[in-house]
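Undergrad: Prediction below, plus the sequence it came from.
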Amino acid sequence: MFAKPPRNILLWVAILATVSLVVGAAGAGFLHALEAVTRLFRSTPWLLAALPFIGLLTVWLYKGPLKASAGGVKDLIAQIKAPTTPLPTTMGPSIIGTTLLSHLGGASVGREGTALQMGGAIADQGSRWIDLNESERRTLILCGVSAGFATVFGTPIAAAIFALEFVRLRSWAIIPCLATAFLADLVGRKLFFAQHANYRLPLPADYDLSGLGSALALGVACGLIARLYVWLSRRNAAHPNPEPYRLVFFTGVLFSLMVYFKQLSDFTGLGLPVIEAALVEPAPPLYFIQKFVLTGMCVWAGFRGGEVTPLFFVGATLGSAAAVLLSLPLSVCAALGFVAVFAGAGAVPLACAVMACELFGPSIGGYALVTCAVSWFVAGRKGLYDEA
């Protein structure tokens, strides 16, 4: 599938500059709000008990006032592939609000769903006032997705590649996507002080045959985890629970009880402190399994936010724990796992390999490409964003 270049270059420069500014500001605001909500949850343990009621509110909102936005990323992909009507104006604000609510109660969810829907929906509002053909509107949404991803994750090159890779689109649109991603990231960082973690490896990665073998083995392990997650996600989507209110409420209750009585606070929210620790010291062997289970519970029950950062957690802790069996340094194993599980689950190996270079430094690029490609192949080459 190819998109044609726009008809009026000057008009598009103005459009994409506006998208970058608005999405960069919205993304930075979301990150600041998410940080504040996370701090509030950490300092107010009883908020965990509110999670079942947050789940009820979320389901009610998407079945009532926000019903037009209930399709989320699925509707976003549909409009990219076959643009018809503009994405709802409520999509961006609704996913931001419900993601913050999920994190307020400690749900094990991510933020990529927010980044994609926020960026794509904000950008697509321009099609309400500007006469765009189908190809131009597709490009506009892709640029919004790139801007949202770049602002939230701080990886503009990976963001532009991801925008095309996750919808299986080959297009000249990589050029405006790159420009929009870089500008939105710059706006978020410099004008609105968005902060991103510094994961740079302490030493460059060294290459040899034993290291390559370790990268291959880790890719297989990450691919199997990704394959299981995708399979369970599709089963859940194919057999929706007929009583969503009961499902989300009792899942919230079970999650809260597990976290409280089993002392699983490390697995609430994004889990960024655990990811950072996994890059410098061995993670406990069962951490990746516990995060996998708790994330699946929350996402499949209906809590909003997505699963990408939790999958980063799963991969980083898996790689960190497996480092004792591999010939690569612990930090390299954790970094490769960080990107490889999502590379398989999302079927976006190229974007994830580039993300590894942006986050951890270019020296890891060769190993990252191998591990992500193997994970993608083992996971089945179709991911969370593909039709079953």
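TA: That came through fine.
Undergrad: From what I see, Ser20 and Leu183 are in contact.
TA: Yes. Shown here, Ser20 and Leu183 form a contact pair, counting by CB atoms under 8 Å, at 3.7 Å. To be clear about C-beta, it is placed using only N, CA and C from the backbone, and glycine gets the same treatment.
Undergrad: Give me the three-state assignment for Glu276.
TA: Secondary structure, DSSP: H, G, I helix; E, B strand; the rest coil: Glu276 is helix.
Undergrad: Return the distance of it relative to Gly366.
TA: Glu276 sits 24 Å away from Gly366, going by CB to CB, to the nearest Å.
Undergrad: what's the answer for Ala115, then?
TA: Ala115 is 28 Å from Gly366, where distance means CB to CB.
Undergrad: and if you look at Ser20?
TA: For Ser20 relative to Gly366 (CB to CB), the value is 32 Å.
Undergrad: Of these two, which one has the most company?
TA: Neighbour totals were compared for Ser20 and Gly366, and Ser20 leads with 28 against 16 (other CB atoms under 10 Å).
Undergrad: what does the model give the more buried one for pLDDT?
TA: pLDDT, Ser20: 98.
Undergrad: quick one: what helix or strand has it in it?
TA: Assessed by DSSP states H and E, Ser20 sits inside helix 9-43.
Undergrad: Can you tell me what sits against the following helix or strand past that helix?
TA: Going down the chain from helix 9-43, the next helix or strand is helix 51-63, by DSSP H and E. For helix 51-63, the external contacting residues (CB atoms under 8 Å, 6 or more residues apart in numbering) are 69-70, 94, 98, 101-102, 104-107, 244-245, 248-253, 255-256, 301-304.
Undergrad: Now with 6 Å, please.
TA: By CB atoms under 6 Å, 6 or more residues apart in numbering, the residues outside helix 51-63 that reach it are 70, 98, 101, 105, 244-245, 248-249, 252-253, 256, 302.
Undergrad: before we move on, what about stretch 264-278?
TA: 38, 103, 106, 108, 258, 290-291, 294, 309, 313, 316-317, 320, 334.
Undergrad: Tell me which of the residues you listed fall in strands.
TA: Within the contacts of stretch 264-278, no residue falls in strands by DSSP state E.
Undergrad: just these now: which is nearest Ala147?
TA: The shortest approach to Ala147 among those belongs to Thr309, at 18.4 Å (CB to CB).
Undergrad: OK, contacts around that closest one?
TA: Contact analysis of Thr309 by CB under 6 Å, 6+ apart lists 110-111, 270.
Undergrad: I figured Asn182 was touching Thr155, is that so?
TA: That one is not Asn; residue 182 is Phe. No. Using CB atoms under 6 Å, Phe182 makes no contact with Thr155, being 10.7 Å away.
Undergrad: and the two? which has more neighbours close in?
TA: Thr155 (23 against 18).
Undergrad: Quick check: that one vs Leu116, distance?
TA: Applying CB to CB to Thr155 and Leu116 gives a distance of 14 Å.
Undergrad: Drop anything exposed from the contacts of helix 51-63.
TA: With neighbours counted by 16 or more other CB atoms under 10 Å, those contain buried members at 70, 98, 101, 105, 244, 248-249, 252, 256, 302.
Undergrad: What about the residues you listed, which are in helices?
TA: Among the buried ones among the contacts of helix 51-63, the residues falling in helices (DSSP state H) are 98, 101, 244, 248-249, 252, 256.
Undergrad: With adjacent residues omitted, what lies nearest to the residue most central in space within the chain?
TA: The centroid of the chain falls nearest to Glu112 when counting by CA atoms, centre = their mean (3.0 Å). Sequence neighbours aside, Val308 is the residue nearest to Glu112 in space, at 3.6 Å (criterion: CB to CB, 6 or more residues apart in numbering).
Undergrad: swap in Gly296?
TA: Leu232 (6.1 Å).
Undergrad: any idea how far Leu34 is from the residue nearest to Arg304 when sequence neighbours are not counted?
TA: Nearest residue to Arg304, sequence neighbours excluded (CB to CB, 6+ apart): Thr98, at 4.0 Å. In this view, Thr98 and Leu34 are 12 Å apart by CB to CB.
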